[in-house]
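Peer 1: Okay, sequence plus prediction incoming.
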Amino acid sequence: MSKRRLTRLVITKLRQFPRLFIALVLVFALGGLTVLFGIDLTVSRDREYQIAQRDAENLARVLERHVIASVEKIDVVLREGGHHFTGATPSQADGNRDLLRLMELVPEAYSASLRIIDAKGRIIYSAGTDATLPNIAVNDRAYFQRQKNEPSAGLVISEPIFSRFANKWVITLSRRILAPDGGFGGLIQAAVLTDNFQASFGSLNVGRNGSIALYDTEMRLIARQPVLAEQMGQTFDLWEVRDALARGTTSGAYMATSRVDGIFRAYYFRKLEGLPFVVVLGKSPNDFLYSWKRKAVLYGISLAVLALQLLGLVLIQRKSAKDRLNHLAKHDTLTNLPNRRMLDEHMSEATALAGVSGVPMALLVVDLDLFKNINDSLGHDIGDRVLRQVAGRLRATLRDKDTLSRQGGDEFTILLRDCAEAKTIANTAQRLLGEIAKQLHTDNHELTLTASIGISVYPDDGRDIGTLLQNADTAMYQAKAAGRNTYKFFTAEMNARVSERLSMENHLRKALARQELSLHYQPQFDTMTHRLVGFEALLRWQHPELGAVSPVRFIPIAEETGLIVPIGDWVLREACRQNKAWQDAGLPPVVVAVNLSAVQFRQHDLVPLVAEALAESGLAPRWLELEVTESALMHNIEHVIKVLHSLKDLGV
């Protein structure tokens, strides 16, 4: 078919179907305009961000000059005052008047204080808010110790301090005063109100939603506009600034959501030259993108008009498909139970109602005990069927107003509404355990399950789902530790035990590298002949701070975290080495016994590790005895038999 005939055919068809023609025109127009509008909006938005950051940089430089000028004026007064009081001992009234005269030269310090502190750290002269409080000792303060111990310290600027005299936040600037013999004679100190910095911020225009903040180099907040009095002096994790300063970068731009007020801004930071201060200015896109947003709205309206016209000519997706997608977004695909997203929604609704009614509610975390064994031995298909049966039993046990959700794996979460008494919650938990414990039938398998349940109560154990889930999870692990097939309410003591366990785990991770572990050898005698027949290697831990840590405390943690594997490897090698050393020293050869945990026994490289320990030490296999607990032999029998035969073949 020639091009001319093809063109005529297309035109003929379009004339026959004018809606198709209009739709094609709209599609091409919509697509073309979308691309053009998108490119233009992207370029103009980036340009607005660049302008905002340059503006913030200029404002930061203005603020830098203001702060440096203020500090320099105060430092001039400190130098003059230090020289004036060197070797001088006027009366207290005269000294205070002299300081007051100097203080009036520094408006930045007005209504705060100017002090003379002697070599023992006592305030002997003072002007300002604490003029009537002499002889107060400050020798324990960091700035005093630094001035005393570092003759070349020069001007020392403190961290932000809440002054009990001025009843406001201040920073102090101090200089060393020389004694007549040239030694340390004390210091002169000015306290500067951070309010003065905040007042100067007001003259800088950063927009309605912008912010200006002054921090020290440790990211402690000194001054801020808008003012957040309750957060003054706090340390903020401004990692973008902290990392840049650590790299030696003294200024830069970044975009982030404020850790202080939650507003997203384009920021510029600058380390003030010669001073331990960092100024951070933020401009909100809500302010500097105003014109850009108007353009985006106009573009959007234009595209919307075209899109609406196009929608009138195309098929609209059926409502059932939309409902299906919404259902999938909020439900677990395996059990069809609500997922975490829907649980969050129900939790928000329930907390709002509970806040009005005052009736508590509870969050239960239900975790099936040893469910992994079902997946490992029978397969995941049967495991999935078991989970669906358990979900059905749990749902049938609960009230309609309660929410049962699956978080994943073998863990379920239950929101119990209107639970005024702990007894009611406990009865529900006990019924759930009873339903789970009933025999299950699937694919000719009869299975019996148990579960561990952790319970947290709103509002006593938390007011948000994150805290309640964490505390219920902690209680669930306590239920498992108590022997499983039970429930536990969360208590504050549980948090303490969890913290202690985490601390113990951290210490244990370092114990092997720090050579804190050792082996003690318990002799074994023949009761008939009283002859020494062997030793049992016993693991001991001597911590430099905790002292001797009982194996009862650290062995379970080592097994739970998997640390028992490298520790067990070290124990095996050390026991073999020591036994061979005794034999080389001429002692009669005897057997040394080493305990293997269930976790070690399940490792696929156990046999090669034993062989390597024997070869490394030179110990004959018959002088090594491995002791295995019954629990290590209860799972994966075929693997256990194979490992036992392999160890026997080694000669141990």
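Peer 2: In hand now; what should we look at?

Peer 1: Can you pull out the low-pLDDT segments for this structure?
Peer 2: For the chain, applying pLDDT under 70 flags the ranges 1-26, 107-112, 129-135, 310, 312-321, 492, 494-501, 630-636.

Peer 1: From the centre of it outward, give me the first residue you hit.
Peer 2: Asp237 (11.6 Å; Cα atoms, centre = their mean).

Peer 1: Look at it and give its secondary structure.
Peer 2: The local conformation at Asp237, judged by DSSP: H, G, I helix; E, B strand; the rest coil, is coil.

Peer 1: pretty sure it is touching Ala256, no?
Peer 2: No. At 11.0 Å, Asp237 does not count as touching Ala256 under the criterion of Cβ atoms under 8 Å. Using the backbone N, CA and C atoms, a C-beta is placed for each residue, glycine as well.

Peer 1: any idea how far Asp94 is from Ile212?
Peer 2: 41 Å (Cβ to Cβ, to the nearest Å).

Peer 1: Of these two, which one has the most company?
Peer 2: Ile212 (23 against 12; other Cβ atoms under 10 Å).

Peer 1: OK, contacts around the nearest residue to that one once chain neighbours are set aside?
Peer 2: Counting by Cβ to Cβ, 6 or more residues apart in numbering, Phe201 is the residue found nearest to Ile212 once chain neighbours are left out, at 4.4 Å. Phe201 makes contact with Leu63, Ile212, Ala223, Arg224, Gln225, according to Cβ atoms under 8 Å, 6 or more residues apart in numbering.

Peer 1: Just to be sure, which of those residues are found in strands?
Peer 2: If you go by DSSP state E, these have Ile212, Ala223, Arg224, Gln225 in strands.

Peer 1: Next, format the residues you listed as JSON lines and append distance to Glu57.
Peer 2: Listed next are these as JSON lines, based on distance: Cβ to Cβ, whole Å:
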{"residue": "Ile212", "distance to Glu57": "13"}
{"residue": "Ala223", "distance to Glu57": "19"}
{"residue": "Arg224", "distance to Glu57": "19"}
{"residue": "Gln225", "distance to Glu57": "18"}
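
Peer 1: and Val76, how far is that from Gln189?
Peer 2: From Val76 to Gln189 the distance is 15 Å (Cβ to Cβ).

Peer 1: how near is His171 to Pro160?
Peer 2: For residue 171 the amino acid is Ile, not His. Distance from Ile171 to Pro160, by Cβ to Cβ: 6 Å.

Peer 1: er, Leu519 I mean
Peer 2: 53 Å.

Peer 1: What of Tyr521?
Peer 2: Relative to Pro160, and taking Cβ to Cβ, Tyr521 is found at 59 Å.

Peer 1: which of the two has more neighbours?
Peer 2: Comparing Tyr521 with Pro160 by neighbour count (other Cβ under 10 Å), the higher total belongs to Pro160, at 19 against 16.

Peer 1: residues touching the more buried one, list them.
Peer 2: Here Pro160 is in contact with Trp169, Val170, Ile171, Thr194, Asp216, Arg220, Leu221, Ile222, Met232, Gly233 (criterion: Cβ under 8 Å, 6+ apart).

Peer 1: Repeat that for Gln603.
Peer 2: Val565, Leu609.

Peer 1: Backbone torsions only: list them for it.
Peer 2: phi -70, psi 140 (degrees, to the nearest 10).

Peer 1: Quick one: the helices in the stretch 151-300 of the chain, in order.
Peer 2: Along the stretch 151-300 of the chain, the segments classed as helices by DSSP state H, counting those that start in this stretch run 194-201, 239-246, 285-288, 290-311.

Peer 1: Packing partners of the longest one?
Peer 2: Counting by 3 or more Cβ pairs under 8 Å, 6 or more residues apart in numbering; DSSP states H and E, the packing neighbours recorded for helix 290-311 are helix 18-85.

Peer 1: Show the subsequent helix or strand relative to the helix it packs on.
Peer 2: Toward the C-terminus, helix 18-85 is succeeded by helix 92-103 as the next helix or strand (DSSP states H and E).

Peer 1: now the angle between helix 18-85 and that following helix, please.
Peer 2: Between helix 92-103 and helix 18-85, the angle comes out at 140 degrees (axes from the mean of the first three to the mean of the last three Cα atoms, to 10 degrees).

Peer 1: Restrict helix 92-103 to CA atoms and write it as PDB.
Peer 2: Only the C-alpha atoms of helix 92-103 are listed here, as PDB (Å, rounded to 0.1, in the frame of the first residue of the first chain):
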ATOM      1  CA  GLN A  92      33.700  45.700  96.900                       C
ATOM      2  CA  ALA A  93      31.600  48.800  96.300                       C
ATOM      3  CA  ASP A  94      34.300  50.500  94.300                       C
ATOM      4  CA  GLY A  95      35.100  47.300  92.300                       C
ATOM      5  CA  ASN A  96      31.400  46.800  91.500                       C
ATOM      6  CA  ARG A  97      31.100  50.400  90.300                       C
ATOM      7  CA  ASP A  98      34.200  50.000  88.100                       C
ATOM      8  CA  LEU A  99      32.600  46.900  86.600                       C
ATOM      9  CA  LEU A 100      29.300  48.700  86.100                       C
ATOM     10  CA  ARG A 101      31.000  51.500  84.300                       C
ATOM     11  CA  LEU A 102      32.700  49.000  82.000                       C
ATOM     12  CA  MET A 103      29.500  47.100  81.500                       C
END
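
Peer 1: quick one: contacts of the helix or strand immediately after that helix in the chain?
Peer 2: For helix 92-103, the following helix or strand on the C-terminal side (DSSP H and E) is strand 113-117. Taking contacts as Cβ under 8 Å, 6+ apart, the residues outside strand 113-117 that touch it are 77, 81, 85, 95, 99-100, 102-103, 106, 123-131, 138, 144, 163, 165-166, 174, 177, 186-191.

Peer 1: Can you list phi and psi of Arg340 for me?
Peer 2: Dihedral pair for Arg340: phi -60, psi -40, per degrees, to the nearest 10.

Peer 1: Please list all residues in contact with it.
Peer 2: Contacts of Arg340 by Cβ under 8 Å, 6+ apart are Ser405, Gln407.

Peer 1: Equivalent analysis for Trp541, please.
Peer 2: Trp541 makes contact with Leu508, Ala511, Glu516, Leu517, Ser518, Ala548, Val549, Pro551, Phe554, according to Cβ under 8 Å, 6+ apart.
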